[in-house]
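Novice: Below is the structure, and that's it, no one-letter string:
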């Protein structure tokens, strides 16, 4: 269910990087070339979405790693070959996605994070939780390096207004002069388009190593610890609410304040350094808050179309890749060619429409199939045996036909 919700946030986050040059996509709400709608959407996106929905995926990725490790240990099976096959398939899918469709792919990064996490899965819950929290703080230190260097470089007698993530958006992946996507809409040769995607993908991976990868690794370890603590079980709902709701309230307060116009939240002196440092920490708090809030609402039956989101969440990898395919069709030169023609608000509208199509496709697919297509391939490669994918066809005599093998069974 949470993965299904995260898919909606992910497409809203990613659509800007399909729709416009990077130098324009990363601009903050108060430096955008556009109207009030564009600035408002950008502000709300930074406060409620930036690093939060990706964080939800990451938190649950850690939860899944810990769950699989526990099952493997209980069965006595060799865990390393299984885990390495799973990670290898994820890395391969990420490479194809990143170089073929969207340079900002996170699957390859997730594969690297999973590899780093494996030796830590056997450590105690307290160690993993402490290390995860420490890595989130470490990522905050990395985020504050740029503003801190700018502050230290300022002459003592000069105190001009300084910029921060709240004014210019998230740290740029590449400088505008090196933005190969700015002309991608005009590119027709396949090789030129591939070269531009490769340069951007390489820069995205470098950005992950230098900053947000540590944030994601921290959330993975926190996710493994939350699994041990029963965070998502109804039995521990009270403990969950005691953790999630204060995190959500404090994190959103910091984000709402941190992304206000500079003259309202402080844009001179040391203030940009402080806000840059607080952003990853606040985003992690909001992520944990979202996870707890959604779980509680679902338990109480107060989340609209929860079942629909859950169906999509069970095939979240296929949904994520389908989102990229549809966005590429809309914005690439070989598709509709809408690249660099829409404002921020309109681009987000396209992203929401794409999510609607993905949800409809997921519901239709679920009527006949047990797994999403990419989940099916992933499981086949990981377990080294083909899993069933077609839903069984019920028969009047109480038996069913396994449509994968076309054999009858009484089970």
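Specialist: Noted; the coordinates are in hand. Just so we're clear, the structure is a prediction, and the values are computed from it rather than from any experiment. Numbering: from 1, shown residues only.
Novice: which residues does the closest residue to residue 354 other than its chain neighbours contact?
Specialist: Nearest non-adjacent residue to residue 354, counting by CB to CB, 6 or more residues apart in numbering: residue 326, 4.7 Å away. Just so you know, the C-beta spots here come from the backbone N, C-alpha and C atoms, and that holds for glycine as well. Shown in contact with residue 326 (CB atoms under 8 Å, 6 or more residues apart in numbering): 354, 357, 358.
Novice: burial count for the last one?
Specialist: Counted with other CB atoms under 10 Å, the burial measure for residue 358 works out to 23 neighbours.
Novice: Helix, strand, or coil at it?
Specialist: Three-state assignment for residue 358 (DSSP: H, G, I helix; E, B strand; the rest coil): helix.
Novice: right, and it touches residue 312 too?
Specialist: Yes. Between residue 358 and residue 312 there is a contact under CB atoms under 8 Å: 7.2 Å.
Novice: Give the residues shared as contacts by these two.
Specialist: Joint contacts of residue 358 and residue 312 (CB under 8 Å, 6+ apart) are 7, 319.
Novice: for the stretch 251-400 of the chain, which spans come out with low pLDDT?
Specialist: 393-400 (pLDDT under 70).
Novice: mind listing the strands for the chain?
Specialist: Using DSSP state E, the strands of the chain run over 393-394, 400-402, 407-409.
Novice: so how far is the longest helix along the chain from its chain's centroid?
Specialist: Longest helix of the chain, by residue count under DSSP state H: helix 271-299. From the chain centre to the centre of helix 271-299 is a distance of 14 Å (CA atoms, centre = their mean, to the nearest Å).
Novice: Stretch 340-356 now?
Specialist: 18 Å.
Novice: Stretch 56-67 too?
Specialist: For stretch 56-67, the distance to the chain centre is 12 Å (CA atoms, centre = their mean).
Novice: list the contacts for the residue nearest the centre of the chain?
Specialist: The residue lying closest to the centre of the chain (CA atoms, centre = their mean) is residue 54, at 2.2 Å. Residue 54 is in contact with 6, 9, 10, 13, 106, 216, counting by CB under 8 Å, 6+ apart.
Novice: Distance check, residue 149 against residue 351.
Specialist: 34 Å (CB to CB, to the nearest Å).
Novice: More neighbours: these two, which one.
Specialist: Higher neighbour count among residue 149 and residue 351: residue 351, with 25 against 10, using other CB under 10 Å.
Novice: and the contacts of residue 54 as TSV, adding pLDDT, neighbour count and distance to residue 284?
Specialist: What follows is those, written out as TSV (pLDDT from 0 to 100; neighbours: other CB atoms under 10 Å; distance: CB to CB, whole Å):
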residue	pLDDT	neighbour count	distance to residue 284
6	94	29	15
9	94	22	15
10	93	24	17
13	91	20	16
106	89	24	16
216	95	27	10
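Novice: Please flag which of those residues sit within helices.
Specialist: 6, 9, 10, 13, 216.
Novice: my guess is the second one contacts residue 52, does it?
Specialist: Yes. Taking contacts as CB under 8 Å, residue 9 lies within contact range of residue 52: 6.7 Å.
Novice: got any ranges where the stretch 1-150 of the chain has weak pLDDT?
Specialist: Answering for the stretch 1-150 of the chain: no residues sit below the bar, that is pLDDT under 70.
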